[in-house]
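> got a sequence here, can you model it:
(chains A and B)
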Amino acid sequence: MNDTLFAQLSTLGASLVLLFGIILLWRRSLMAYVRAFQQQSAVLAALFVVVGYFGQAPELYVVAVILFALKVILIPRLLHRMQNQVGIGYEATPYLNVASSVIVAGLLVLLAYVLTRPVVLTSTLPTRGGLPLAVGLIFVGLFVIITRKKALAQVVGFLVLENGIALLAVLGTFGIPLIVELGVFLDLLMGFLVMQVFIYHIQDTFESLDVDRLSELKY
Amino acid sequence: MNFWLLLLPSLLAALLAFTIRPYRAFIGWTSAGLSLVSLGAALAFVAQALEGGPTPTWGFVLGPLHLPDVLRADSLSVLLMVCVAGVATPALFLSPGLWGHTRYTPTQLRRYQIFTNLFIAAMLLAVSANNVGIMWIAIEATTIFSAFVIPLKLNKASIEASWKYILISSVGIALAFVGTVLAYFDYVSRGGEMELALNWPVLKAAAPLLQPEVMQLAFVFLLIGYGTKVGIAPMHTWKPDAYGESPAPLGALMASPLFAVAMYAILRWKAVIDISLRSNFTNNLLFTLGLLSLIVAAFSVVQTTNYKRMLAYSSIEHTGLICFGFALGAPGLFAAMLHLINHTLAKSLMFFVVGDIEDHYNSALIKNVQGMAKLMPWSAGLFTVGLFTLIGLPPFAMFTSEYALFHAGFALHHPWLMGVALALLAIIFISFIKHLTQMLYGSPPQDTVNKTQKWGLAILGINIIILVILGITLPTPVRTLLDQIVAIVI
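You can find the predicted model right below:
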């Protein structure tokens, strides 16, 4: 009984997390990007608590708290501040239009199901149903980074990719060892801060956040 | 104790540069001096490894963090420590701001000192970590720290280079983490959860029980991930930009030790996954990407117009060769590790010299650098020796390791692959010679700026001496160490 409930909750959570990732593909304003990332992280934090409760892994509560502080409060706030300083941007002309993007995202999730088949088959975990969704989210994050032109949108794509990895870790292994988890958070925060610094630099020197202007270096 | 002496000096130097502002020359000299302590510790580890006996480890237990052996120094780690510390020392001695004239402001020099030292510390941690998760964290940290140093002079080109570098490397390294998680997942599904499961010896011991299908998937992610950091084609696109725009000592650190550290990560994982798969899966992947790297390198070297980017393409070439070596069994691995040592020596030498050339001519374009032989004979000589080494001319060391590598390839019946590789090396050879003659001869431009000689470059004589010694003979300690590494990995 408990196991079925656990399985259902974890698959539901994973689907929600993936859905928030796909939102990035049909919204245009960077504001909406940040909000989608924030909501996705909130669901992810809740999922950590669920897995911690059913999987009897109390250290996941600690991770959930840090995740919430970092990805739901701190990073979205920094992203908003960045937007206020560089102006509210729109992803006006991504390299691929909305309809095709959503179709590609569907195909990517399908690909994730094919790739993770051996993983799901060998597993006996109640959470295994969510694993393909996590890998799908990783692919969607990659896709966002590749097809968006605004540097800020690429950063959000990267954060979503990171969420995909966190989802994979919590569903597949009930959390990686605590020391590694803490290190990952530290890296994520520092990496984000570096990207933030560079976004200001790009805005200052190129007077735009379109990365297709970054095309000086050849041969 | 030894681990402290290895890791603390660069952290101390970073702290010193952080607390004392504005930047003064003595900070640079202190951090250069401290790096000698790291180098000494690394050499002490080598001596310990050559003696045999138990592998040194260090760890602690603190509340929920139960880490009895978080750091470990087996022969493979020890070799990499020397590669990192051995380049870090000259890099810090030849840093801008130590030798009088510099193009940088004190604020920029302060930033340089802080982040270069943190970068070195992260690399040293990556190779001494026992836990592959911590290894990953340290390698990711190297990206972050080095990204701060590339655009020391803020301009369009350097910002473009660092943005590409940080985005591509962060995404790549994130994929390596997916691979790590998949492997851990596999381990946990077999043996239940364990705090120490990500320790490399534990993983390797458990490898025969792991599910091959999952490990295959994990290896693809790991190879793409760490391969991005190494610059294996087709994930190499950030490399020419980043090498071309960074200050020379950082270029040297990125092109030789960082490259070696990322290769090391691939090798660690390959060792575990090969045992689990019992097939040629990893070797075939490495052959494919290695060949692709050689092709990309050959055709990019032909058309390059910038000598710093030329070195980046040469680095992609050597990536390809080392990938081949990893895939060619025990003799290939021996040759590849020797090649890694030689590459570290030669490529760091090149970047230091190139920094001096760029200071003189104020340009990184080959067509603007003429008459080097007349204008700066000493640097021109060092540059020529380094370049001859990189294209594999005897009596320099890369000839030996490339010979051993191709010997292993032909012995294992890959004549076609090796033949194509040799043809590509010939293309690279010819275009390097062409670029070199262009730079050495001709009339020097009238408006070259500064004539100050950096006498510090004399320490690069050490690199040349080692390269010649390794080219003529293989000293017993080196052979023993490499044999130990082969025994650990295979």
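> got the buried residues for stretch B:472-480?
If you call a residue buried by 16 or more other CB atoms under 10 Å in any protein chain shown, then stretch B:472-480 has these buried ones: B:474, B:478. Every C-beta, even on glycine, is put in place using the N, C-alpha and C of the backbone.
> for it, what is the average pLDDT?
Averaged across stretch B:472-480, pLDDT comes to 92.
> what residues does it touch?
If you take CB atoms under 8 Å, 6 or more residues apart in numbering or on different chains as the criterion, stretch B:472-480 is touched by B:46, B:50, B:338, B:341, B:395, B:400, B:469-470.
> looking at these, spot the one nearest chain A.
Proximity to chain A was ranked across these by CB to the nearest CB; first place goes to residue B:46, at 27.7 Å.
> check which helix or strand the residue nearest the centre of chain A maps to.
Against the mean C-alpha coordinate of chain A, by CA atoms, centre = their mean, the closest residue is residue A:160 at 1.5 Å. Here residue A:160, judged by DSSP states H and E, is contained in helix A:151-173.
> need phi/psi at residue B:40.
Main-chain dihedrals, residue B:40, degrees, to the nearest 10: phi -60, psi -40.
> surely it is in contact with residue B:5?
Yes: using CB atoms under 8 Å, residue B:40 is in contact with residue B:5, at 7.1 Å.
> tell me who's in contact with the residue nearest to the centre of chain A.
Residue A:160 is in contact with A:21, A:24, A:37, A:40, A:137, A:140-141, A:144, counting by CB under 8 Å, 6+ apart.
> now do the helix holding residue A:160: distance to the chain's middle.
The chain centroid and the centroid of helix A:151-173 are separated by 3 Å under CA atoms, centre = their mean, to the nearest Å.
> how many residues are close by the spatially closest residue to residue B:247 that is not a sequence neighbour?
The shortest distance from residue B:247 to any non-neighbouring residue, by CB to CB, 6 or more residues apart in numbering or on different chains, is to residue B:152 (5.4 Å). The tally of other residues near residue B:152 (other CB atoms under 10 Å in any protein chain shown) stands at 21.
> which element is residue B:152 on?
Per DSSP H and E, there is no helix or strand for residue B:152.
> top strand in chain B by residue count?
Determined from DSSP state E, the single longest strand within chain B is strand B:65-72.
> low pLDDT regions in chain B?
Counting by pLDDT under 70, chain B shows low-confidence ranges at B:191-195, B:447-454.
> in it, which spans are strands?
Remark: strands assigned in chain B by DSSP E are B:57-62, B:65-72.
> ok, the first one: who's next to it in the sheet?
Spelled out, it's strand B:57-62. strand B:65-72 (antiparallel) (DSSP bridges).
> the partner strand: how far from the chain's middle?
With CA atoms, centre = their mean as the basis, strand B:65-72 stands 26 Å off its chain's centre.
> ok, back up a step: rounded mean pLDDT for the helix holding residue A:160, please.
If you average the pLDDT over helix A:151-173, you get 90.
> before we move on, what about stretch A:7-24?
91.
> is chain B contacted by it?
No: using CB under 8 Å from any CB of the partner chain, stretch A:7-24 never reaches chain B; the gap is at least 14.4 Å.
> how about that stretch: buried residues?
Quick answer for stretch A:7-24 (16+ other CB under 10 Å): A:7, A:9-11, A:13-14, A:16-18, A:20-24.
> then stretch B:206-217?
Within stretch B:206-217, the residues scored as buried using 16+ other CB under 10 Å are B:206-207, B:210-211, B:214-217.
> for stretch A:4-20, which outside residues touch it?
Residues outside stretch A:4-20 that contact it (CB under 8 Å, 6+ apart) are A:36-37, A:39-40, A:43-44, A:46-47, A:50-51, A:54-55, A:109, A:126-127, A:129-130, A:133-134, A:136-137, A:140, A:163, A:167, A:171.
> residue ranges with poor pLDDT in chain A?
In chain A (pLDDT under 70), the answer is A:1, A:88-93, A:218-219.
> skip the chain neighbours and tell me the closest residue to residue A:185.
In space, and not counting its chain neighbours, residue A:185 is closest to residue A:66: 5.7 Å by CB to CB, 6+ apart.
> which element is the one you found on?
Using DSSP H and E, residue A:66 falls within helix A:59-67.
> the biggest helix by length in chain B to helix A:151-173, inter-axis angle?
As assigned by DSSP state H, the longest helix anywhere in chain B is helix B:156-191. Calculated by axes from the mean of the first three to the mean of the last three CA atoms, to 10 degrees, helix B:156-191 forms an angle of 10 degrees with helix A:151-173.
> am I right that residue B:325 is in contact with residue B:336?
Yes: shown here, residue B:325 and residue B:336 form a contact pair, counting by CB under 8 Å, at 2.5 Å.
> please enumerate the shared neighbours of the two.
The contact sets of residue B:325 and residue B:336 overlap at residue B:405 (CB under 8 Å, 6+ apart).
> more neighbours: which of these two?
Using other CB under 10 Å, the more surrounded residue of residue B:325 and residue B:336 is residue B:325, with 29 against 26.
> quick check: the more buried one vs residue A:194, distance?
Distance, residue B:325 to residue A:194, by CB to CB, to the nearest Å: 34 Å.
> ditto for residue B:153
Distance of residue B:153 to residue A:194, computed by CB to CB: 18 Å.
> between those two, which is the more surrounded one?
Neighbour totals were compared for residue B:153 and residue A:194, and residue A:194 leads with 18 against 13 (other CB under 10 Å).
> re the thing from before, at contact distance from chain A, anything in the longest helix of chain B?
Yes: Helix B:156-191 is in contact with chain A by CB under 8 Å from any CB, via B:156-157, B:159-164, B:166-167, B:170-171, B:174-175, B:177-178, B:181-182, B:184-186, B:188-189.
> separate out the buried members of the residues you listed.
Buried among the residues of helix B:156-191 next to chain A (16+ other CB under 10 Å): B:157, B:159-164, B:166-167, B:170-171, B:174-175, B:177-178, B:181-182, B:184-186, B:188-189.
> what ranges do the helices span in chain A?
All helices of chain A, identified by DSSP H, fall at A:2-26, A:30-54, A:59-67, A:75-86, A:98-122, A:131-147, A:151-173, A:178-206.
> now for the shortest one, which elements pack on it?
It stands for helix A:59-67. In terms of contacts (3 or more CB pairs under 8 Å, 6 or more residues apart in numbering or on different chains; DSSP states H and E), helix A:59-67 is packed against helix A:30-54, helix A:178-206.
> buried residues, that helix. List them.
Quick answer for helix A:59-67 (16+ other CB under 10 Å): A:60, A:62-64, A:66-67.
> cool, and stretch B:42-50?
Buried residues in stretch B:42-50, defined by neighbour count with 16+ other CB under 10 Å: B:42, B:44-46, B:48-50.
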